[in-house]
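1. sequence and predicted structure are below.
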Amino acid sequence: MNYFLAVFLGLTGVLFTHQSQASDLATKTYATYVNKTGEISLPANYRHHWSHLGSWAVNDAKAPGYGFHDVYTQPEVVKAFLETGQFPDGAVLIKEVRKMNSRTLTTGPAVWAGDISVWFVMIKDTKGRFKGNANWGEGWGWALFEAENRKINTSKGYLESCLPCHVPAKHTGWVYIEGYPTLKPE
């Protein structure tokens, strides 16, 4: 009997710890990156402190997403996603899109990421916090920041500026997770 009680209490502790960590993440995210009206800010220094989920390259210069795409999130989001298969409330995804540079090197033709063109930011919102705000919907906050001014969200609303590109990823929570090896078990 004591064994079963110990197992139950252990599992309960794990559940409450996971819920507490998720709650702490949401509290920190919404206090740091979202103001009271739902305006999203671009996190600073993410490249040095956050986890790199993966990279994409759109090599068609006529395509709207042309460039290198690198995606980052908080380390605790990776842990939660690997445990649950879902992005927790307060998860922040940052996609930086960089220009493509190329040149023939001694090793052959090379292509590499250049200057940043834009950043896309998504913030998971499981509670529907900002109903009526054009940049919030489908369980996420959506933002677009251009290299010329990284302090202003230039999105015209998620329905116009964001969602059309994400429709093919609806079945995975609007995120193209297949390009993120960090979210896959080793």
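-> Ah, there it is.
2. what about the closest residue to V58 other than its chain neighbours, which SS state?
-> Closest residue to V58 apart from its sequence neighbours, by Cβ to Cβ, 6 or more residues apart in numbering: G65 at 4.4 Å. Just so you know, the C-beta spots here come from the backbone N, C-alpha and C atoms, and that holds for glycine as well. Assigned state for G65: coil (three-state reduction, DSSP: H, G, I helix; E, B strand; the rest coil).
3. in the protein, which spans are helices?
-> All helices of the chain, identified by DSSP state H, fall at 2-32, 46-49, 75-84, 158-161, 163-166.
4. lowest average confidence across those, which one?
-> Lowest mean pLDDT of these: helix 2-32, a mean of 63.
5. lowest confidence element among the helices and strands of the protein?
-> Between all helices and strands in the chain, the lowest mean by mean pLDDT, DSSP states H and E belongs to helix 2-32, at a mean of 63.
6. which strand in this structure has the most residues?
-> Using DSSP state E, we find that the single longest strand of the chain is strand 108-124.
7. tell me what it is packed against?
-> Judged by 3 or more Cβ pairs under 8 Å, 6 or more residues apart in numbering; DSSP states H and E, strand 108-124 is in contact with strand 67-73, strand 92-105, strand 140-146.
8. given that strand, what are its sheet partners and their directions?
-> According to DSSP bridges, strand 108-124 forms sheet pairs with strand 92-105 (antiparallel), strand 140-146 (antiparallel).
9. would you mark the buried spots in the first one?
-> The neighbour-count check on strand 92-105 (16 or more other Cβ atoms under 10 Å) flags 92-98, 100 as buried.
10. distance from it to the middle of the chain?
-> Offset of strand 92-105 from its chain centre (Cα atoms, centre = their mean, to the nearest Å): 17 Å.
11. quickly list what the residue nearest to P75 when sequence neighbours are not counted is bridged to.
-> In space, and not counting its chain neighbours, P75 is closest to S51: 5.0 Å by Cβ to Cβ, 6+ apart. Beta-bridge pairing for S51 (DSSP bridges): T73.
12. the longest strand of the chain: how far from the chain's middle?
-> 14 Å.
13. relative to helix 75-84, how tilted is it?
-> 80 degrees (axes from the mean of the first three to the mean of the last three Cα atoms, to 10 degrees).
14. strand 108-124: which residues count as buried?
-> So for strand 108-124, counting by 16+ other Cβ under 10 Å, buried means 113, 116-124.
15. same check on stretch 175-186?
-> 175-177, 180, 182-183.
16. pLDDT and distance to H166 added to those, as a markdown table?
-> Putting those into a markdown table (pLDDT from 0 to 100; distance: Cβ to Cβ, whole Å) gives the following:
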| residue | pLDDT | distance to H166 |
| --- | --- | --- |
| V175 | 96 | 8 |
| Y176 | 94 | 8 |
| I177 | 94 | 12 |
| Y180 | 96 | 14 |
| T182 | 97 | 19 |
| L183 | 96 | 16 |
